[in-house]
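Trainee: Provide a 3D model corresponding to the input given below.
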Amino acid sequence: MMEAGVHFGHGTRKWRPKWHLYISAKRKEACDLVFDAASRGKQFLIVGTKNKEADSVAWAAIRARCHYVNKKWLGGMLTNWSTTETRLHKFRDLRTEQKTGGSAVFRKEMRLC
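Mentor: You can find the predicted model right below:
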């Protein structure tokens, strides 16, 4: 990744120069783990929400047939998945209820949306 120029990690100001051997070793180990997982057919989630990298993330993820987030990342989306999933189900139920005409239970502001 470093040689290809696709690593958008921390700038050189964020780490001490004398630790560069250990950092690159960890990067190589991480690359090897990703390569091994990809060769076994594992799924990946690519996240890049900065404006500069959004198009590159989308292009690379589509090309690799991976899932991606390139706009807004919601905090706790992975670590608090049970709550996120509950809210997504609630949102889906509200949408279907609104489309079927059961909007009498909604406030006026919500019915106008």
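
Trainee: mind showing which ranges of this protein have poor pLDDT?
Mentor: For the chain, the stretches flagged by pLDDT under 70 are 1-15, 20-26, 102-113.

Trainee: what ranges do the strands span in it?
Mentor: Here the chain has its strands, by DSSP state E, at 45-47, 67-69.

Trainee: Check what contacts the last one and list those residues.
Mentor: I take that to be strand 67-69. Strand 67-69 is contacted by residues Q43, F44, L45, I46, V47, G48, T49, V57, A58, A60, A61, I62 when judged by C-beta atoms under 8 Å, 6 or more residues apart in numbering. In short, each C-beta sits where N, CA and C put it, glycine included.

Trainee: go on, the first one?
Mentor: Strand 45-47 has contacts (C-beta under 8 Å, 6+ apart) with V57, A60, A61, A64, C66, H67, Y68, V69, N70, W73.

Trainee: one step back: identify whichever of the strands of the chain lies nearest to D36.
Mentor: Among those, strand 45-47 comes nearest to D36, with 17.1 Å by C-beta to C-beta.

Trainee: Tell me which strands the closest one pairs with, and in which orientation.
Mentor: strand 67-69 (parallel) (DSSP bridges).

Trainee: how long is stretch 67-82 end to end?
Mentor: Counting by C-alpha to C-alpha, to the nearest Å, you get 19 Å between the two ends of stretch 67-82.

Trainee: Would you mind listing the buried residues in that stretch?
Mentor: For stretch 67-82, burial by neighbour count (16 or more other C-beta atoms under 10 Å) applies to Y68, V69, N70.

Trainee: what's the nearest residue to the last one if we skip its chain neighbours?
Mentor: Right, N70. Spatially, and ignoring its direct neighbours in sequence, N70 is nearest to A54 (4.1 Å; C-beta to C-beta, 6 or more residues apart in numbering).

Trainee: Over to the first one?
Mentor: Beyond its immediate neighbours in the sequence, the residue positioned closest to Y68 (C-beta to C-beta, 6+ apart) is A61, lying 3.5 Å away.
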